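Trainee: Quick one: sequence and predicted model below, then my questions.
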Amino acid sequence: AKGVQISHENILDGARIVSDYLGNTAADRIVAALPLSFDYGFSQVTTAFYVGAQVLLTNYSMAQSLLAEATKFEATALAGVPTMWSQLARTRWPAGACKTLRYVTNSGGRVGREALDNLRRNVPQADVYLMYGLTEAFRSTYLPPDQLERRPDSIGKAIPEVTIHVINERGEVCKPNEAGELVHSGKLVSNAYLKAPDETARKFRPLPQNLAPPGDARNAVWSGDIVRQDDAGYLYFVERRDNMIKASGYRISPFEIEEVIQQSGVVESVVAIGILDPELGHRIGIALVPSLAGEDSDFAVRHICARELPPYMQPGPILVLDALPLTPNHKPDRPAITAMFSATPARPD
């Protein structure tokens, strides 16, 4: 866990900017189902309060109960993370459920295509906002709903009053479709990490001189997230630098592997991690929850990977679990999953 020092201005600017592009009004009824210690969960409260809307505080545990609460509340807005949308995608929605929803939002990772399609079928009247944010800067980008059909894998463009650069290891702005680090400057940059000066100095740094606005000496947030930007300026998440797998001399994004497996429909959820190996650098470990009990999901996943992925991206050990360990923010707990490969017998390659 890390603490981030934010200002009152951060809170007010974030509430104002986000509620504006979401079109929030006093008539909205927003469901806050994510932990308030999670900045994305807390923002459901601040954006509601900023416009005088109503907000329902609830603890997300079961998909059916959340649907029932949102329907009874006549919710107009619902925010979630990929694991939540994945669970809702596998749930039978009662007739008339959530028909008052005006929009839904996602942050904290990429929503699988199957879950996204299911969500749109269940609430066709609702706009879907795919968003990306940093704990250190609250919210950075969003994809306008009218771009969803064309760019379902994009995290969009910078939100108003924020500047996003994609910068390579030489400190240069990346060319279109060149992967580089996402750097957030302008509004919403927080003050520092709490009692962590070394980490603050590493992540909160000025932009290169040629990119900084004249007379602006404020720090930017160097996210550590690798993204690319297409010719039209839309951003695509590639990988968290800390999660990159280095196997047999190749740099591999676990999300490339996870996406192929997830789209097959044989798993409910999946995480790919790097297991240290003295010869290869990393071996690729797969932890998964099967979509149907009793199926040989291990064999199915290996077959899918052999068909869809190159040899250096083939999985090594596979863990078949009843549920993935999650962080308090409902994201897959990658360190805990990595530790499980040492503590739990996995199926061999």
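Mentor: Looks like it arrived, so ask away. Remember, predicted model here, so these are calculated numbers, not experimental data.
Trainee: what ranges do the helices span in the chain?
Mentor: 8-22, 39-51, 63-73, 82-89, 113-122, 197-203, 254-263, 297-308, 334-343 (DSSP state H).
Trainee: closest one to P328 among those?
Mentor: Ranking the helices of the chain by proximity to P328 (C-beta to C-beta) places helix 39-51 first, at 9.9 Å. Using the backbone N, CA and C atoms, a C-beta is placed for each residue, glycine as well.
Trainee: For the closest one, list every residue counted as buried.
Mentor: Residues of helix 39-51 classed as buried by neighbour count (16 or more other C-beta atoms under 10 Å): D39, Y40, G41, F42, S43, Q44, T46, T47, A48, Y50, V51.
Trainee: next one: stretch 67-85
Mentor: Residues 67, 70-71, 73, 75-85 are the ones in stretch 67-85 that count as buried (16+ other C-beta under 10 Å).
Trainee: which among those residues gets closest to K203?
Mentor: V81 (22.3 Å).
Trainee: how about the residue lying closest to that closest one once chain neighbours are set aside, phi and psi?
Mentor: Distances taken as C-beta to C-beta, 6 or more residues apart in numbering place G108 nearest to V81, at 3.9 Å, with adjacent residues excluded. In terms of degrees, to the nearest 10, the main-chain angles of G108 are phi 90, psi 10.
Trainee: G108 and G41 touch, don't they?
Mentor: No - with contact defined as C-beta atoms under 8 Å, G108 does not count as touching G41 (9.9 Å).
Trainee: For G156, find the nearest of the helices of the chain.
Mentor: Ranking the helices of the chain by distance to G156, with C-beta to C-beta as the measure, places helix 8-22 first at 10.3 Å.
Trainee: Mind listing residues that contact that closest one?
Mentor: By C-beta atoms under 8 Å, 6 or more residues apart in numbering, the list of residues contacting helix 8-22 from outside reads 43, 46-47, 49-51, 77, 103, 105, 129, 138-139, 142, 159-162, 187-190.
Trainee: Let's see that with 7 Å instead.
Mentor: With contact meaning C-beta atoms under 7 Å, 6 or more residues apart in numbering, helix 8-22 is reached by 43, 46-47, 50-51, 103, 129, 138-139, 142, 159-161, 187-188, 190.
Trainee: Likewise for stretch 197-216?
Mentor: Against stretch 197-216 from outside (C-beta under 7 Å, 6+ apart): E136, H165, G171, V183, S185, A192, Y193, A217, N219, A220, V221, W222.
Trainee: Please apply the same query to stretch 85-102.
Mentor: For stretch 85-102, the external contacting residues (C-beta under 7 Å, 6+ apart) are 63-64, 67, 70-71, 74-78, 106, 111-112, 114-115, 118-119, 122-123, 126-127, 268-269.
Trainee: mind listing what's buried in that stretch?
Mentor: Under the neighbour-count criterion of 16+ other C-beta under 10 Å, stretch 85-102 has W85, S86, Q87, L88, A89, W93, A97, C98, T100, L101, R102 buried.
Trainee: How about stretch 332-345?
Mentor: Counting neighbours by 16+ other C-beta under 10 Å, one finds that the buried residues in stretch 332-345 are P332, D333, R334, I337, T338, M340, F341.
Trainee: Could you pull up the residues touching the second one?
Mentor: The neighbourhood of D333, defined by C-beta under 7 Å, 6+ apart, consists of P325, L326, T327.
Trainee: Nearest to L288, out of the residues you listed: which one, please.
Mentor: P325 (12.9 Å).
Trainee: roughly how far apart are that closest one and L319?
Mentor: The gap separating P325 from L319 is 11 Å, by C-beta to C-beta, to the nearest Å.
Trainee: Have a look at those two and say which one is more surrounded.
Mentor: Shown here are P325 and L319; by other C-beta atoms under 10 Å, L319 has more neighbours (20 against 15).
Trainee: mind checking which of the helices of the chain is nearest P176?
Mentor: helix 254-263 (19.8 Å).
Trainee: Specify the angle between the closest one and helix 82-89 in degrees.
Mentor: Helix 254-263 runs at 0 degrees relative to helix 82-89, counting by axes from the mean of the first three to the mean of the last three C-alpha atoms, to 10 degrees.
Trainee: What ranges does the stretch 201-349 of the chain have for its strands?
Mentor: Remark: strands assigned in the stretch 201-349 of the chain by DSSP state E, counting those that start in this stretch are 204-205, 220-229, 235-240, 245-247, 250-252, 267-277, 281-290, 318-320.
Trainee: Reformat these as JSON lines; add distance to F299.
Mentor: Below are these laid out as JSON lines (distance: least, C-beta to C-beta, whole Å):
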{"stretch": "strand 204-205", "distance to F299": "48"}
{"stretch": "strand 220-229", "distance to F299": "32"}
{"stretch": "strand 235-240", "distance to F299": "28"}
{"stretch": "strand 245-247", "distance to F299": "22"}
{"stretch": "strand 250-252", "distance to F299": "22"}
{"stretch": "strand 267-277", "distance to F299": "13"}
{"stretch": "strand 281-290", "distance to F299": "11"}
{"stretch": "strand 318-320", "distance to F299": "10"}
